[in-house]
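Asks: sequence and computational prediction follow.
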Amino acid sequence: MKYIKNIILFSLLLVVSLSNSQSKKLKKADKKFNDFAYVDALKIYEDVADSGYEDADLFKKLGDGYYFNADYIDATKWYSKLVAINSNLEPVYQFRYGQSLKASGNYEQADTYLSTFFESQGIPYSNFDNYLKNIEENSNAYKVSTVDFNTKYSDYPAFLKEDSLYVISGSLTEKKTPWNNEPTSDIFLLKNKRTLNNLGDTFNTKFNEGSLVITKNGTTMFFTRNDYNDRKRGRDANKTTRIKLYSALKENGTWDAIKELPFNNSEYSFGQPALSPDDSKLYFVSDMPGKGSKGGTDIYEVDLFEDGSFGTPSNMTAFNTPGNEMFPFVAKDGTFYFSSNGQVANLGGLDIYRSGAVGGVYNKVENIGKPVNGPMDDFAIVVDSDTNKGYFASNRIGAVSDDIYSFIYIEPCLVNYTGVVRDKKTGAVLDNVLVSLMDGDNKILSQKVVTAGVYEFNGIECEKAKFVRAEMDSYQTAEELLIAPIDGLSTTNVLLSLRKIELIKDTDLAMLLNPIYFDLDKSNIRPDAEVELQKIVIVMRDNPALKIDVRSHTDSRARDAYNIALSNRRAKSTLEYIVNAGIDSSRLTSKGYGETQLINECANGIKCSDQAHQSNRRSEFIIINN
């Protein structure tokens, strides 16, 4: 992300002992680097590296130059060279290398470095399987789209108020910012959903303007700008121009009376303002040190009084990490959004996070997941909680630089499943039944013991559950295809038969089993079927005179003749499995019946679901001699 350099400031020194020519090149590059002129500095550093020179500080500078310009793939290249000559990385480089690796999707290797970094900071670190799983659970809640008003420069949303979207983009001047060779940034207002109108020189200067927020009554704006007052450019002790927070008042439809906020300090950066829903607190980002500071840039809060005065800023320690937190935004419903690259649950670069206030206190932080977040930088979210729409910025694949994307929250499609488990013969409601909700791969989605016969599984994602299974001592396990939901409710009853089976001719031993299914157009024994076939093996071992006929069936899809051949292969593979388990082949016969004995209406020409067809892809075990 390009604008990030406007607020993340570094103190980087390079001590070198080189040949005169290399030393001169690197001194020139160091000056550009420390002035944040990364584009020019990287060219010089790369020339030195390409000449065959290897040095840890050189590789750090090259890695950092790309890292701070959000080119994580190239940063990985140089950090890996650093590791090759110095495997004992400083904590900050464990962090940067780990974050760069994530941009390539190499989470496992990234985890190695990030776990060491976080543990060095006294922060527990869960392995990537855990945090990726947690992020996945929050994913797919938003639909993301491109917008028509991105420019060839870095763009990001600055503030959203009803239908008014303020955008930060490259100015129309020819003055270039040295770290990315783009124009300085100005504030724009989106008109007609596709045209960016520059707010003019009331706000915009020859330096950088950035994020803003406007009070509910529309009379006060807080915005970000380089340290520039009365046509004088401010600098810190190292002669670097930081950024500051400013306010403006609206009178007679015109913004005026611009002044900087009283807690600014030219030695540090202050920017990216946000307001609480009642305008009683101002939030902002700063790299200033002090109580609660954890490193990088942190989010702060300060009381904003009715007379326009301010309290004392305090660090929002619940959000901040040793990495960088930035771009706070508070929606009307009080949800706090921000971006961070220092949270453990991170997909790479900056990710967007949210937190809801409990008892007026923000605490728990969660990654909002894909597709808003990804391995690159995702930041500057603005949300209209009334419409569940908003915007954010990203430098993801496909973006020209930093591009703006729109999103809309997708109401989750959820189903409540219910039903009654009864005795098949008597109709009596059964107690203490283990009921499982299954997906199409025979995996358990949810499971519970039902004490009064009625089961309920609420809030299950649509299309995910396919079957309900009931199990109980002394009863045969039964499984039913779930009935399609109506208005979010699906009711499917399950009938159980007693488990005791009389071993007489024509009895189907499959009554002992959970259903044994075959995959479409396959005859191999699935792993879930092996457990069931072992039950047949045990019955035949315990009853040595027992002979059975294995009868396999297909669904109606494909030609009739082909299905006969397929079912014969299935019958044969089932028989062979039992024989290989130790049962004499003389006790077994097998035959395929194709689609001639369907157990439902899914015949040729009838449209059925995959699950309904699967019910016909079965095997039976008929006793022919006891």
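Replies: Happy to help now that I have it.

Asks: mind checking how far the one helix or strand residue 80 maps to is from the chain centre?
Replies: Assessed by DSSP states H and E, residue 80 sits inside helix 72-85. Relative to its chain's centre, helix 72-85 lies at 26 Å (CA atoms, centre = their mean, to the nearest Å).

Asks: same check, this time on stretch 505-525
Replies: The chain centre lies 40 Å from the centre of stretch 505-525; the measure is CA atoms, centre = their mean.

Asks: tell me which element the residue nearest to the spatial centre of the chain is part of?
Replies: Residue closest to the mean C-alpha point of the chain, counted by CA atoms, centre = their mean, is residue 369 at 2.6 Å. In this structure, residue 369 sits in neither a helix nor a strand according to DSSP H and E.

Asks: separation between it and residue 351?
Replies: 9 Å (CB to CB, to the nearest Å). (Glycine included, C-beta is placed from N, CA and C.)

Asks: again with residue 345
Replies: When residue 345 is compared with residue 351 (using CB to CB), they lie 8 Å apart.

Asks: ok, these two, which is more surrounded?
Replies: The neighbour comparison of residue 345 against residue 351 (other CB atoms under 10 Å) goes to residue 351, with 28 against 21.

Asks: now the more buried one: closest residue in space, sequence neighbours ignored.
Replies: The spatially closest residue to residue 351, leaving aside those adjacent along the chain, is residue 373, at 4.4 Å (CB to CB, 6 or more residues apart in numbering).

Asks: same deal with residue 265?
Replies: residue 288 (6.5 Å).

Asks: list the contacts of that neighbour.
Replies: Each residue near residue 288 by CB atoms under 8 Å, 6 or more residues apart in numbering is listed here: 265, 267-270.

Asks: need the three-state assignment for it.
Replies: coil (DSSP: H, G, I helix; E, B strand; the rest coil).

Asks: for the biggest helix by length in the chain, what is the average pLDDT?
Replies: Secondary structure of the chain read by DSSP state H shows that its longest helix is helix 560-580. Average pLDDT, helix 560-580: 93.

Asks: what of stretch 105-114?
Replies: Here the average pLDDT along stretch 105-114 is 89.

Asks: residues in contact with it: which ones?
Replies: By CB under 8 Å, 6+ apart, the surrounding residues in contact with stretch 105-114 are 89, 94-95, 97-99, 101-102, 125, 127-128, 132, 344, 348, 375.

Asks: and with 10 Å instead?
Replies: Residues from elsewhere that reach stretch 105-114 (CB atoms under 10 Å, 6 or more residues apart in numbering): 76, 79-80, 83, 89, 91, 93-104, 125-129, 131-132, 344, 346-348, 374-375.

Asks: same check, this time on stretch 426-436
Replies: Against stretch 426-436 from outside (CB under 10 Å, 6+ apart): 417, 419-423, 443-457, 467-473, 475, 477-479, 494-496.

Asks: tell me where the stretch 1-150 of the chain has strands.
Replies: Using DSSP state E, counting those that start in this stretch, the strands of the stretch 1-150 of the chain run over residues 142-146.

Asks: low pLDDT regions in it?
Replies: Along the stretch 1-150 of the chain, segments meeting pLDDT under 70 span 1-41, 126-129.

Asks: was I right about residue 273 contacting residue 310?
Replies: No. Counting by CB atoms under 10 Å, residue 273 does not reach residue 310; the two are 11.8 Å apart.

Asks: on contacts alone, who are the packing partners of the host helix or strand of residue 392?
Replies: Using DSSP H and E, the element containing residue 392 is strand 389-394. Strand 389-394 sits against strand 142-146, strand 156-161, strand 164-170, strand 325-330, strand 336-340, strand 351-355, strand 378-384, strand 403-409, with contacts defined as 3 or more CB pairs under 10 Å, 6 or more residues apart in numbering; DSSP states H and E.

Asks: name every strand pairing with that strand and say which way it goes.
Replies: Applying DSSP bridges, strand 389-394 is found paired with strand 378-384 (antiparallel), strand 403-409 (antiparallel).

Asks: let's see the first one as PDB, backbone CA atoms only.
Replies: Going back to what we said before, that points to strand 378-384. The C-alpha coordinates for strand 378-384 follow below in PDB (Å, rounded to 0.1, in the frame of the first residue of the first chain):
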ATOM      1  CA  ASP A 378      -6.600  -4.500   2.400                       C
ATOM      2  CA  PHE A 379      -7.400  -1.300   4.300                       C
ATOM      3  CA  ALA A 380      -9.400   1.900   4.700                       C
ATOM      4  CA  ILE A 381     -12.900   0.300   5.000                       C
ATOM      5  CA  VAL A 382     -15.900   2.600   5.300                       C
ATOM      6  CA  VAL A 383     -19.300   1.100   6.000                       C
ATOM      7  CA  ASP A 384     -22.900   2.300   5.900                       C
END
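
Asks: quick revisit: find residues that contact each of residue 345 and residue 351.
Replies: Common contacts of residue 345 and residue 351 (CB under 10 Å, 6+ apart): 135, 367, 369, 373.

Asks: any idea which of these has the most stuff around it?
Replies: residue 373 (29 neighbours).

Asks: quick one: it and residue 140 touch, right?
Replies: No. Judged on CB under 10 Å, residue 373 makes no contact with residue 140 at a distance of 11.5 Å.

Asks: what do those two both touch?
Replies: Joint contacts of residue 373 and residue 140 (CB under 10 Å, 6+ apart) do not exist.

Asks: check contacts around residue 100.
Replies: Here residue 100 is in contact with 63, 66-67, 71-80, 106, 110, 113, 348-349, 375 (CB under 10 Å, 6+ apart).

Asks: tell me how far residue 560 lies from residue 296.
Replies: Counting by CB to CB, the gap from residue 560 to residue 296 is 69 Å.

Asks: residue 468 versus residue 406, what's the distance?
Replies: Taking CB to CB, one finds residue 406 at 40 Å from residue 468.

Asks: picking that back up, chain center to the strand holding residue 392, what's the gap?
Replies: 15 Å.

Asks: picking that back up, my guess is the residue nearest to the centre of the chain contacts residue 144. True?
Replies: No. At 11.3 Å, residue 369 does not count as touching residue 144 under the criterion of CB under 10 Å.

Asks: out of residue 273 and residue 310, which sits in the more crowded spot?
Replies: More neighbours surround residue 273 than the other of residue 273 and residue 310, with 26 against 13 (other CB under 10 Å).

Asks: where's that one, which helix or strand?
Replies: Using DSSP H and E, residue 273 sits within strand 270-275.

Asks: state the mean pLDDT of that strand.
Replies: Strand 270-275 shows a mean pLDDT of 96.

Asks: please apply the same query to stretch 307-319.
Replies: 93.

Asks: do the same with stretch 247-262
Replies: Per-residue scores along stretch 247-262 average to 90.

Asks: the strands in the stretch 401-550 of the chain, which residues?
Replies: Using DSSP E, counting those that start in this stretch, strands in the stretch 401-550 of the chain cover 403-409, 414-423, 433-438, 444-450, 454-461, 467-471, 478-481, 489-491, 494-496, 547-552.

Asks: distance of the residue nearest to residue 351 from residue 103?
Replies: Per CB to CB, residue 373 is found 12 Å from residue 103.

Asks: what's the overlap in contacts for those two?
Replies: 347-349.
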